[in-house]
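Visitor: Quick one, structure for this:
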Amino acid sequence: MTAPGTDPTYRTEALIAEDIEAYLAGHEKKSLLRFITCGSVDDGKSTLIGRLLYDSKMIFEDQLAALEADSKRVGTQGQAIDFALLVDGLAAEREQGITIDVAYRFFTTERRKFIVADCPGHEQYTRNMVTGASTADLAVILIDARKGVLVQTRRHSYLCHLLGIRHIVLAVNKMDLIGYDQARYEAIVADYAAFAEGIGIETFTPIPISGFAGDNITAPSLNTPWYCGPALMPHLETVELDTTADRARPFRLPVQWVNRPNLDLRGFSGLIASGVVRPGDPVRVLPSGRTSTVTRLLTMDGDLDAATAGQSVTVCLADEIDCSRGDVLAAAGDPPQAADQFEATLIWMDDEALIPGRGYWLKLGAQTVTATIQPPKHQINVNTMEKLAAKTLELNAIGVAQFATDRPLVFEPYADNRALGGFILIDKLTNRTVAAGLIHFSLRRAQNIHRQATDIGREAHARLKNQTPKVLWFTGLSGAGKSTIANEVEKLLHLMNRHTFLLDGDNVRHGLNKDLGFTEADRIENIRRVGEVAKLMADAGLIVLTAFISPFRAEREMVRRMLPEGEFVEIFVDTPLAEAEARDVKGLYAKARRGELKNFTGIDSPYEPPEAPEIRVNTVEMTPRQAAEHIVRTILPLP
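Guide: Sure thing, here's the model as predicted:
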């Protein structure tokens, strides 16, 4: 084999330099395959991708020159070209000879375009691997022929199957290092086949290769005359794309944008997730359930007679019905589900663990809802496939849990539709993406439980009491004076003939919340329950006073969203920690300082002060009575 840097025949396609527009036009109609390479550490993933880039003539002269220099300086192949350096771009990757980040590369052949993601093999970078696999149509799982099937091979195979990748290529690499031994190759394939069947992988394509030597990469190798299957590149060029299968499924279009360029046109734009749609087809808008008929399918190139999965279009309807971003247009006779409770597999991707009961943003396509998660049913050991008991999920953990959202979510099981079955979770405070999820099914109780309409509503209750319901939410450190001030406010309201009820943090824990402790998860559940009770009392027309530390902004915001706008009044009882600790009526700070009281707010558990409370009272400058009078004047201003 001639070294790439010295091959005088190696030349990228001349048309790229001569006429870039003609080059792009020639590739515009080609299909696109997204695939990943994964496997154990040092199985040769990056080398294989470098080889594919070279053989597809996608390396330019300046890149080759830089590659030759880098290969001599930090390469792992002696004086030969180290193809892995084309992909391993981080300094830490080159120094250690491993892949850390997900590296994406584009290349093209005469038959197809490709985007390949080189995924890291280390277990600590599982979230990186999941990111690369989430959009892939095919996975090339590499196995070092000298080592056989390893734990990381099994883990990556499980993750690929979990993420819905239907096409698996088992690339037994480094065949040159075992003398192209057919018996060793067949033993590895048999070992992998037994494992694959156990996790649900029905078919896979085994290929013996050498990424470094180029065997069975673009053409059959003379070194493996016993192998009769396809070489890797021809297989990648001919494998069926997922979009082909998506076209046979019912029509689904998540609406991304309401397109209204003028008074005469109103359409709904988005990428068709599955199915085919034509003018005249009946469609249903979800979650509202309203129906209409398609009148036009618009694109930048004009009207279409039909549009299929993978195309971006604007759909015009015959009727003026309510449809906005986040809704889903679907075949009228076969719509997807809409539910507010479901079960899903969750892949945790953040350094901070899952907090059950906390509200997270759940984003599925263009839909964004608030979701709370129950403690996991179990965690999956991706190395052994065991189901383990778990109260939360840590970084890179995978588990199954039940979800509840604040409004119905339109979805399909991930196994049926990746676009409508996969979601991400976003931390509301930091805006970090903390997890990826794969929906299984809606919970039966979500379909069987419906709200019962009543003739006497919250407005009638409020009129009978001649007052506007409110929830006065007192928050602050322990010892700040929340309960004392709330009690003073209730006494003043009572003198004014107002109907009130005071929910105190300590009192509630004697009954309703006696089963809860003081961990972060239990504190969140404590506030959720109190919020639901406060909402019911406000529905009854009462002015509800609540005195709770409620240390987390996310949970206070959760309660605010339970109530109509303007009814939640956040009152920050602002007391410095030193002052609150000096008061220490109950001796709790002293116990916390001695280590006898764990998870105590202000000592070893954080307090997140309100950023924009409706009312702020400083108990250093005001007496409880003065603070109460200020609060009453604010919520009940004199006429």
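Visitor: Quick check: longest helix in the protein by residues?
Guide: Using DSSP state H, we find that the single longest helix of the chain is helix 520-539.
Visitor: Return the set of buried residues in that one.
Guide: Neighbour-count burial for helix 520-539 flags 520-528, 530-531, 533-535, 537-539 (criterion: 16 or more other Cβ atoms under 10 Å). Every residue, glycine included, has its C-beta placed from N, CA and C.
Visitor: do the same with stretch 482-494
Guide: 482-490, 492-493.
Visitor: Turn those into JSON lines, columns for distance to residue 147, secondary structure and pLDDT.
Guide: Converted to JSON lines, these look like this (distance: Cβ to Cβ, whole Å; DSSP: H, G, I helix; E, B strand; the rest coil; pLDDT from 0 to 100):
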{"residue": "482", "distance to residue 147": "62", "secondary structure": "helix", "pLDDT": "91"}
{"residue": "483", "distance to residue 147": "65", "secondary structure": "helix", "pLDDT": "90"}
{"residue": "484", "distance to residue 147": "69", "secondary structure": "helix", "pLDDT": "92"}
{"residue": "485", "distance to residue 147": "68", "secondary structure": "helix", "pLDDT": "94"}
{"residue": "486", "distance to residue 147": "66", "secondary structure": "helix", "pLDDT": "94"}
{"residue": "487", "distance to residue 147": "71", "secondary structure": "helix", "pLDDT": "94"}
{"residue": "488", "distance to residue 147": "73", "secondary structure": "helix", "pLDDT": "95"}
{"residue": "489", "distance to residue 147": "71", "secondary structure": "helix", "pLDDT": "95"}
{"residue": "490", "distance to residue 147": "72", "secondary structure": "helix", "pLDDT": "95"}
{"residue": "492", "distance to residue 147": "77", "secondary structure": "helix", "pLDDT": "95"}
{"residue": "493", "distance to residue 147": "74", "secondary structure": "helix", "pLDDT": "95"}
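Visitor: Distance to residue 46 added to these, as TSV?
Guide: Listed next are those as TSV, based on distance: Cβ to Cβ, whole Å:
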residue	distance to residue 46
482	58
483	62
484	65
485	63
486	62
487	67
488	69
489	66
490	68
492	71
493	70
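Visitor: ok, now how distant is the closest residue to residue 177 other than its chain neighbours from residue 38?
Guide: Distances taken as Cβ to Cβ, 6 or more residues apart in numbering place residue 146 nearest to residue 177, at 5.9 Å, with adjacent residues excluded. Distance from residue 146 to residue 38, counting by Cβ to Cβ, to the nearest Å: 18 Å.
Visitor: of these two, who's got more company?
Guide: residue 38 (28 against 11; other Cβ atoms under 10 Å).
Visitor: name the element that one belongs to?
Guide: Per DSSP states H and E, residue 38 falls inside strand 31-39.
Visitor: what packs against that strand?
Guide: helix 45-55, strand 112-118, helix 126-133, strand 138-144, helix 151-162 (3 or more Cβ pairs under 8 Å, 6 or more residues apart in numbering; DSSP states H and E).
Visitor: where in the stretch 301-450 of the chain is pLDDT low?
Guide: 445-450 (pLDDT under 70).
Visitor: Look up how far residue 478 lies from residue 586.
Guide: Using Cβ to Cβ, residue 586 is found at 8 Å from residue 478.
Visitor: Same question for residue 597.
Guide: 10 Å.
Visitor: can you check residue 56 too?
Guide: In terms of Cβ to Cβ, residue 56 sits 66 Å off from residue 478.
Visitor: more neighbours, those two?
Guide: Looking at residue 56 and residue 478 with other Cβ under 10 Å, you find the greater number of neighbours at residue 478, namely 24 against 17.
Visitor: give me phi/psi at the one residue sitting closest to the centre of the chain?
Guide: Most central in the chain under Cα atoms, centre = their mean is residue 424, positioned 1.6 Å from the mean C-alpha point. Dihedral pair for residue 424: phi -120, psi 160, per degrees, to the nearest 10.
Visitor: mind listing what it touches?
Guide: Counting by Cβ atoms under 8 Å, 6 or more residues apart in numbering, residue 424 touches 362-363, 433, 435-437.
Visitor: again with residue 482
Guide: 474-476, 505, 547-549, 573.
Visitor: and if you look at residue 361?
Guide: Here residue 361 is in contact with 368-371, 425-428 (Cβ under 8 Å, 6+ apart).
Visitor: With residue 373 instead?
Guide: By Cβ under 8 Å, 6+ apart, the contact set of residue 373 is 346, 354, 356-358, 360, 401-403.
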